[in-house]
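Trainee: sequence plus the predicted model coming up.
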Amino acid sequence: MISETIRTRFAPSPTGYLHVGGLRTALYNYLFARKNNGKFILRIEDTDRARYVEGAVENLISTLKWAGLDFDEGPETGGDYGPYMQSQRLNIYKEHSDYLIKNNKAYFCFCSPDRLKELRNHQQKEGLQPKYDKHCLNLSPDEVQKKLVANENYVVRLNVEPGITVIVDDVIRGKVEFNSDIIDDQILIKSDGYPTYHLANVVDDHLMKITHVIRGEEWLSSTPKHILLYDYFGWEKPVFAHLPLLLNPDRSKLSKRQGDVAVEDYRSKGYLKEALVNFVALLGWTAGDDREFYYLNELVENFSLERVNKSGAVFNIEKLNWLNAEHLRKKDNDEILKLLRNELSVSKYSNEEYSDEYLKKVIEAMRERVSFVKEFIEKSPYFFEAPSEYEEAVIAKRWKENSSELLQKLIDKFEGIDNPTKEDYENALKKTAEENGVGNGALIHPLRLAVSGVGAGPGVFDIVDILGKDESIKRMKRAVNSIKKF
């Protein structure tokens with residue numbers, strides 16, 4: 001009997017990075033479990049030793065934790081149904097494959113790679129679907145025993161019964177039927193003694209009491225083999241839900257050829273975990289309204305498998321960027337301050353010291369102008385160092401014949417103010433403009449260029465106020481001496 005407690009699992013292979021599709025699978029499993037007061041399990045499917053990448057398990061775990069997807073059972077965490085690394089469960093798979101062989105539901109296959117290749121070529125020439133021809137199923141028990149004693153290489157194959165209909169009841173796709181005549185006698189145990197995905201995942205899902213198998217659409221065609229295994233073992237089947245493919249904007253399958261597909265890439269580029277999780281949740285699911293902004297706890301409240309779409313979901317980077325900006329703007333200054341300090345620590349300003357008060361002023365000035373934390377530095381480097389050059393187009397347009405003279409007079413005004421406020425700087429500029437019979441713009445544009453080196457950004461009096469009187473005057477003097485347009 002399947003556990004009454006909802007139990008879902010994410011079962012990645014440690015072959016490198018975590019694909020965004022993998023993050024979505026993990027997220028949907030997590031959301032469904034949390035919504036139903038269930039358990040979310042992490043299982044590492046590391047039986048394909050040829051593709052195993054050193055350090056990938058640790059990377060997977062740290063990426064899931066970064067995203068906020070804490071698992072209840074798994075490597076490091078432990079649990080009642082471990083081990084949670086398939087390479088540590090080989091005796092369990094052998095025991096179950098032995099059971100299948102004993103009951104004629106699986107059999108030893110000793111065919112050489114050359115014979116299998118020849119068979120496949122022949123079938124393709126005849127226009128037949130390539131599949132194993134059950135040659136070794138017809139070996140007598142004595143022949144099998146002789147080959148085993150002689151240590152001949154073998155695999156264990158599933159014995160698919162011909163002429164039956166296998167039905168997959170899928171929450172997302174409804175009822176899908178498969179004729180067993182097109183189902184291959186899948187290898188269950190490879191020649192190296194390791195199980196294939198098909199045997200290991202069925203055995204583990206049963207023994208770990210998984211109630212819902214939520215995974216990518218690419219596994220739908222394998223599900224009939226899994227259903228046969230459940231039937232052969234006499235086990236109750238879990239609920240299946242196969243998620244739609246992730247697509248590039250041209251509706252081809254999402255691949256590295258057209259952009260980043262690794263969660264780690266987006267993390268290193270500065271995307272917020274809240275934004276990436278929010279975005280990935282919407283790749284194939286909607287609550288049924290137009291809402292697009294969610295925090296993780298709100299996704300838990302609203303999620304249901306019934307509202308996952310069948311059709312592929314387009315990965316729209318513009319939408320991700322928009323969500324990143326929205327999530328960033330909704331953070332308070334203290335949260336952004338921590339993130340900004342992290343960015344500064346890996347920037348060329350890592351040895352500089354900035355007070356919390358100073359950085360919070362920078363955050364306030366720039367928060368509506370940035371979509372990423374790193375842009376507090378990239379879009380306003382003048383808050384962290386004096387400009388070493390000035391924007392040529394701004395000089396050409398805004399630096400007039402009398403700009404140096406006017407800026408010098410503004411310097412004199414600034415020097416005469418004690419403990420100036422933002423309003424004091426503004427009043428000083430207005431007074432200087434009035435005394436010299438010019439509009440405020442004749443001073444505002446040269447002032448901005450002098451203190452920032454560029455022609456756009458937050459209010460110029462905000463910049464001057466943040467930099468402070470001494471630093472602003474120092475930069476103004478330098479501009480007066482450096483900008484020689486006339």
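Mentor: Thanks, I have the structure now.
Trainee: how many residues are close by the spatially closest residue to Ser304 that is not a sequence neighbour?
Mentor: Once flanking residues are discounted, Ser304 sits nearest to Lys35: 7.4 Å by CB to CB, 6 or more residues apart in numbering. In this view, the C-beta of every residue, glycine as well, is placed from N, C-alpha and C. Using other CB atoms under 10 Å, Lys35 is surrounded by 16 other residues.
Trainee: show me the chain divided up by domain.
Mentor: 90-243, 331-379, 386-486 (automatic domain parsing).
Trainee: could you dump those domains to a markdown table with distance to Asp80?
Mentor: Below are the domains of the chain laid out as a markdown table (distance: least, CB to CB, whole Å):
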| stretch | distance to Asp80 |
| --- | --- |
| domain 90-243 | 9 |
| domain 331-379 | 37 |
| domain 386-486 | 56 |
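Trainee: could these go into JSON lines alongside mean neighbour count and distance to Glu264?
Mentor: Shown next, in JSON lines, are the domains of the chain (neighbours: other CB atoms under 10 Å; distance: least, CB to CB, whole Å):
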{"stretch": "domain 90-243", "mean neighbour count": "16", "distance to Glu264": "19"}
{"stretch": "domain 331-379", "mean neighbour count": "15", "distance to Glu264": "15"}
{"stretch": "domain 386-486", "mean neighbour count": "17", "distance to Glu264": "32"}
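Trainee: to Ile44, which of these lies closest?
Mentor: When the domains of the chain are compared by CB to CB, domain 90-243 sits nearest Ile44, at 10.6 Å.
Trainee: need the distance between the two termini of the closest one.
Mentor: Taking CA to CA, to the nearest Å, domain 90-243 runs 29 Å from one end to the other.
Trainee: next: stretch 69-76.
Mentor: 15 Å.
Trainee: cool, stretch 150-170 as well?
Mentor: 45 Å.
Trainee: mean confidence for that stretch?
Mentor: Mean pLDDT, computed over stretch 150-170, is 97.
Trainee: distance check, the residue nearest to Ser304 against Asn302.
Mentor: 8 Å (CB to CB, to the nearest Å).
Trainee: with Leu254 instead?
Mentor: Separation of Leu254 from Asn302 (CB to CB) stands at 24 Å.
Trainee: out of those two, which sits in the more crowded spot?
Mentor: Set Leu254 next to Asn302 and count neighbours by other CB under 10 Å: Leu254 wins out with 22 against 18.
Trainee: could you verify my assumption that that one touches Gly22?
Mentor: No: the pair Leu254 / Gly22 is not scored as a contact, 11.4 Å apart, by CB atoms under 8 Å.
Trainee: below-threshold pLDDT in the stretch 351-486 of the chain: ranges please.
Mentor: Flagging of the stretch 351-486 of the chain using pLDDT under 70 yields the residue ranges 486.
Trainee: 90 instead?
Mentor: For the stretch 351-486 of the chain, the stretches with pLDDT under 90 are 484-486.
Trainee: same check, this time on the stretch 201-350 of the chain
Mentor: Where the stretch 201-350 of the chain drops to pLDDT under 90, the residues are 248-261, 288.
Trainee: so Phe279 touches Lys319, yeah?
Mentor: Yes: proximity of Phe279 to Lys319 meets the contact threshold set by CB under 8 Å, at 6.5 Å.
Trainee: so for those two, which residue has more residues nearby?
Mentor: Using other CB under 10 Å as the criterion, Phe279 and Lys319 rank with Phe279 on top: 26 against 16.
Trainee: from Ala313, how far out is Arg251?
Mentor: Using CB to CB, we find Arg251 at a distance of 10 Å from Ala313.
Trainee: tell me the contacts of the residue sitting nearest the centre point of the chain?
Mentor: When CA atoms, centre = their mean is applied to the chain, the residue found nearest the centroid is Val263 (3.1 Å). Shown in contact with Val263 (CB atoms under 8 Å, 6 or more residues apart in numbering): 17-20, 22-23, 63, 67, 276.
Trainee: same thing but at 10 Å, please
Mentor: 17-24, 26, 59-60, 63-64, 66-67, 271, 273, 276-277, 280 (CB atoms under 10 Å, 6 or more residues apart in numbering).
Trainee: do the same with Glu378
Mentor: Counting by CB under 10 Å, 6+ apart, the residues that Glu378 touches are 270, 343, 347, 370, 372.
Trainee: and which of those is nearest to Lys117?
Mentor: The closest of those, once distances to Lys117 are taken by CB to CB, is Gly270, at 48.7 Å.
Trainee: what about Tyr52, how many residues close to it?
Mentor: 15.
Trainee: remind me which helix or strand it belongs to.
Mentor: Using DSSP states H and E, no element contains Tyr52; it sits outside every helix and strand.
Trainee: Tyr266 belongs to a helix?
Mentor: Yes: counting by DSSP: H, G, I helix; E, B strand; the rest coil, Tyr266 is part of a helix.
Trainee: count of neighbours near it?
Mentor: Close neighbours of Tyr266, defined as other CB under 10 Å, add up to 22.
Trainee: I'd guessed it sits against Phe315; true?
Mentor: No: the criterion here is CB atoms under 10 Å, and Tyr266 misses it with Phe315 at 11.0 Å.
Trainee: who touches both of those two?
Mentor: By the contact definition CB under 10 Å, 6+ apart, Tyr266 and Phe315 are jointly contacted by 20, 260, 279-280.
Trainee: show me the longest helix that occurs in the chain.
Mentor: helix 20-35 (DSSP state H).
Trainee: now that helix: mean pLDDT?
Mentor: Mean pLDDT, helix 20-35: 97.
Trainee: which other helices and strands contact the following helix or strand past it?
Mentor: Later in the chain than helix 20-35, the nearest helix or strand by DSSP H and E is strand 39-42. Applying 3 or more CB pairs under 10 Å, 6 or more residues apart in numbering; DSSP states H and E, one finds that strand 39-42 makes contact with strand 7-10, helix 20-35, helix 56-67.
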